[in-house]
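> pasting the structure only:
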């Protein structure tokens, strides 16, 4: 098991990673963050709303399922939001430079790190 900060530093080691965070989706508060390039407090609060909206929509549609991850593709960046299966109400958020990253490898690393984070 690894601390939140150790886990975030491992995510930053991914090619093209700019910043990463662990967020409480109940409050929108950061539990930890690392890297630069994005105002992570603002991003945490905003992406909390994304997760809430998707869960609300799934419920309205009668989908009895869970979110594996949410990928937001921008012109220059990828944003990965991954709710933690082992810790309800917590998600991992990673921002990648689109030109320098391999999305498949980054998603895999986020999955691996999710299993290692210790609270």
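Ah, there it is. Computed from a predicted model, the values in this text were never measured in an experiment.

> Check which helix or strand the residue with the largest distance to the centre of the chain maps to.
Distance from the centre of the chain peaks at residue 62, with 24.8 Å (Cα atoms, centre = their mean). Under DSSP states H and E, no helix or strand contains residue 62.

> Kindly report the same for residue 26.
Using DSSP H and E, residue 26 falls outside every helix and strand.

> and the closest residue to it other than its chain neighbours, how far is that from residue 6?
In this structure, residue 26 finds its nearest non-sequential neighbour in residue 89, 4.9 Å apart by Cβ to Cβ, 6 or more residues apart in numbering. In short, each C-beta sits where N, CA and C put it, glycine included. Separation of residue 89 from residue 6 (Cβ to Cβ, to the nearest Å) stands at 21 Å.

> show me what contacts residue 82?
Each residue near residue 82 by Cβ atoms under 8 Å, 6 or more residues apart in numbering is listed here: 68, 69, 70, 91, 92, 93, 94, 110, 111, 114.
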